[in-house]
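> just need the structure, nothing else, for what follows:
(2 chains)
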Amino acid sequence: MTEQSPPRWASETFWKKTAIWVTGGSFVLLVILSFDSMKQISAGGPRVPAYSVINKDISYRFDKAKQRYQPTIGEDAPLFGKTLSEEEAEKLVDHGKKTVQAKNCMNCHTLLGNGAYYAPDLTKAWLDQGWGAKESREQMMVNFLLDPEKNARTYGSNRKMPNLDITPPEAEAIVAFLKWMSSIDTNGFPHNFIALGEEDK
Amino acid sequence: MTLQAYQKKAANCWAGCKQRHTELMANPHLSGGQKLAVHYFTVAMVLFMAQLLFGLLAGLQFIFPSFLYEILDFNVNRMVHINAMVVWMLYGFLGSVYWFLEEESGVEIVGLKWGQLAFWILTGAVTVVVLVYLLIQIGSGTDTSLWLINEGREYIEAPRWADIGIVVVVLTFFYNVAATFAKGKWSGIAGVLTLDLVALAGLYLAGMFYVTNISIDQYWWWWVIHLWVEATWEVLVGCIMAWSLMKLLGVRRKVVQTWLYIEVALMFGSGILGLGHHYFWIGTPEYWFTIGGFFSALEPIPLVAMVVHSIYDAGAHRFKNSNHPALAWIIAHAFGNFLGAGVWGFMHTLPQINLYTHGTQWSASHGHLAFFGAYATINIAFFYLAAQQARGKVWMGGELANGWRWKTAAVLLNLGVMGMTVALLIAGYEQSFIERAVEGSTWAGYFAAQNHPWFMQAMVWRMVFGLMTAAGGGLLFWDLLEIGKGEQRPAAVIDSEAVAQ
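Model (predicted):
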């Protein structure tokens, strides 16, 4: 009996062509979606506020229509008592982001949920109830960053943040970066998070 | 020990390395490409040991937070742990391709000298990067720190100067591969491999710039991480596995190549848009819920195809093969890839559950089994193929001298990683419920979950299985250095016609 060739749908050439078309098609779709996503997540776009949002009060509330939590932007609440122009705000947030990278924060913490799991998520760190009161929050955050050992917040875990030689300008810039990051619309992540000042609402 | 004694020890060690290198270069059983491959495999194994060591240190810090505090903090250990892993995987892949390039193309490697030079440059750069990680660790918030010390982005922390070096090395590798196939035979494997390498090198560029906007930063960061790990690496491994199955079992080329195309279609068809499962919570639009959820749910399908393919082939050939340890690791790969990347990934990929599991030990659980199952296993299989050839195509079937060693190493490694995965999964469940669902993800909630006995027990068990994995790794290293030495019997002959078809 001679060997039969396989049906066309099981042949090498059929799958070769399929592989090329599927890969090409998926990639083209991804590129198109990436253009749209870039438009939507640029600072000042519909989902990621402009850097000058750090001049405002930011919170995180449950949206009944969407059935998920969402950042809210409120009244003027300048960071460290200074209202910054868009350009100044961007420079400050940029310095904060660069410091967060240079200090390798992401290999203990998560940012937007990505990173390591040895320390708390920083996505909404600005809004955390652990800072006690809105009035003292900025200074507490700066103090903590400058001397994390003395101002340790271990919640009984003994896991202390090491001293990372953060300078006062770097500490303020990190706080600005964290405040800005808390205003990003993250589709309701984290869920059920009650922001500072929202306890009774 | 005195300084002189240390110096003497170091000199002896160096002399030993030089001796091994001279022996390797004079080995009559290996082609030029295969000698280069052995270089890559050797460094890969050293980095594997580093991955294990720094993993143990980081794991211990969960149990004893004061351990090495402000000397080697968790972020340093964890960075070296995951970077050593990424780099040893890449070294394994590069070595594997250099290994079969001449045989697959039928000609000598074009520009091998450049490939050799690239190896030494890459290895020198990796050494410098690791030393800077360990000794300097962090910098001030400036561009200089990102260029010279650490970029601070998980998995691709290597400073920018090293990024540029990596691209140059990968381009040299690409030149070797493309020019060699162009001069010799183009096979289906050659075509898939060459195109995959273009994507692999190109995607790395997406991780080589700085932006202030963290949403944009993470958008492109995932292009590198996801599209490497869940797309181009998987296809590269598909090529390596296709070649290994022909070699090991004598499977017909037509069969493996058809399966390879099926795998590429399914892998890229699900994996490219499956990228969307990383775009649920980073600021990106809501349509990624549907796209990411749907396509990433399909991602296990090609992995099922790979299991069917390899296990069916092994069965069809009645498990007759020329290298028992390599076949055992290929089977571990098929199941590990399916379970670790497929099942563990699928379990938390839909946004409805990922809202609670994202950024918890769930991801660590998935990561451990997926990287081991999908990539460590296939590299180890290839190391055994290389060891067999290097010792003169010797017997590596049953009744092997000291055969207990490879078997024990395989059992320890597989059980160890599986044990760590389950321990981390329990920690992940606990974290998702207590920190996320009950406590609402505040810092207090985070620590409530971390301090919970269920979490702490899981961390202890992870450590136990981590030690088991490390013992297996050490035994594997020893076995690879010794296996086949003094063996007189030739390797079992597998139908070579099948390979040539």
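> how about residues contacting stretch B:267-278?
Residues outside stretch B:267-278 that contact it (Cβ atoms under 8 Å, 6 or more residues apart in numbering or on different chains) are A:19, A:22-23, A:26-27, A:29-30, A:114, B:218, B:222-223, B:225-227, B:230-231, B:234-235, B:238, B:288, B:291-296, B:298-299, B:301-302, B:349, B:351, B:354. In short, each C-beta sits where N, CA and C put it, glycine included.
> just the residues you listed: which are in helices?
Among the contacts of stretch B:267-278, the members falling in helices (DSSP state H) are A:19, A:22-23, A:26-27, A:29-30, B:218, B:222-223, B:225-227, B:234-235, B:238, B:288, B:291-296, B:298, B:301-302, B:351, B:354.
> ok, of those residues, which come out buried?
For the ones in helices among the contacts of stretch B:267-278, a neighbour count by 16 or more other Cβ atoms under 10 Å in any protein chain shown gives the buried set as A:19, A:22-23, A:26, A:30, B:218, B:222-223, B:225-227, B:234-235, B:238, B:288, B:291-296, B:298, B:302, B:351, B:354.
> residue ranges of each domain in chain B, please.
Domains of chain B are assigned by automatic domain parsing as B:31-186, B:338-487.
> which secondary structure element contains B:L90?
Using DSSP states H and E, B:L90 sits in helix B:74-105.
> helix or strand right after that helix?
Taking DSSP H and E as the definition, the helix or strand right after helix B:74-105 is helix B:112-135.
> buried ones in that next one?
Neighbour counts over helix B:112-135 (16+ other Cβ under 10 Å) mark B:112, B:114-116, B:118-119, B:122-123, B:125-126, B:129-130, B:132-133 as buried.
> quick one, strands of chain A?
With DSSP state E, the ranges of strands along chain A come out as A:56-63, A:68-76, A:110-111, A:114-115.
> mean pLDDT, distance to chain B and mean neighbour count added to those strands, as JSON lines?
Formatted as JSON lines, the strands of chain A follow (pLDDT from 0 to 100; distance: least, Cβ to the nearest Cβ, whole Å; neighbours: other Cβ atoms under 10 Å in any protein chain shown):
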{"stretch": "strand A:56-63", "mean pLDDT": "97", "distance to chain B": "10", "mean neighbour count": "17"}
{"stretch": "strand A:68-76", "mean pLDDT": "96", "distance to chain B": "9", "mean neighbour count": "14"}
{"stretch": "strand A:110-111", "mean pLDDT": "98", "distance to chain B": "4", "mean neighbour count": "24"}
{"stretch": "strand A:114-115", "mean pLDDT": "97", "distance to chain B": "5", "mean neighbour count": "24"}
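> nearest residue to the most centrally placed residue in chain B other than its sequence neighbours?
Computing the C-alpha centroid of chain B and ranking residues by Cα atoms, centre = their mean puts B:M89 first, at 3.2 Å. Distance criterion Cβ to Cβ, 6 or more residues apart in numbering or on different chains; nearest residue to B:M89, sequence neighbours excluded, is B:Y375 at 4.7 Å.
> now the angle between helix B:74-105 and the host helix or strand of B:L60, please.
Here B:L60 sits within helix B:32-63, counting by DSSP H and E. Helix B:32-63 and helix B:74-105 meet at an angle of 160 degrees, taking axes from the mean of the first three to the mean of the last three Cα atoms, to 10 degrees as the criterion.
> flag the shaky bits of chain A, pLDDT-wise.
A:1-3 (pLDDT under 70).
> distance of B:W233 from A:P120?
Look at B:W233 and A:P120: by Cβ to Cβ, to the nearest Å, they are 31 Å apart.
> looking at those two, which is more packed in?
A:P120 (26 against 22; other Cβ atoms under 10 Å in any protein chain shown).
> pull the distance from stretch B:358-365 to the chain's centre.
How far stretch B:358-365 lies from its chain's middle: 19 Å, per Cα atoms, centre = their mean, to the nearest Å.
> what about it and chain A, any contact?
Yes: counting by Cβ under 8 Å from any Cβ of the partner chain, chain A has neighbours in stretch B:358-365: B:H358, B:G359, B:T360, B:Q361, B:S363, B:A364.
> what sits against the fifth one?
B:S363 is in contact with A:Y117, B:H348, B:T357, B:G428, counting by Cβ under 8 Å, 6+ apart.
> and the strands of chain A: which comes nearest B:W454?
Set against B:W454 and scored by Cβ to Cβ, these come closest in strand A:110-111, at 20.5 Å.
> how long is stretch A:164-173 end to end?
Start to finish, the residues bounding stretch A:164-173 are 15 Å apart (Cα to Cα, to the nearest Å).
> on that earlier part again, dump the domains of chain B into CSV; add mean pLDDT as well.
Output for the domains of chain B, formatted as CSV (pLDDT from 0 to 100):
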stretch, mean pLDDT
domain B:31-186, 96
domain B:338-487, 96
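> turn those into a markdown table, including distance to B:P325.
Output for the domains of chain B, formatted as a markdown table (distance: least, Cβ to Cβ, whole Å):
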| stretch | distance to B:P325 |
| --- | --- |
| domain B:31-186 | 14 |
| domain B:338-487 | 4 |
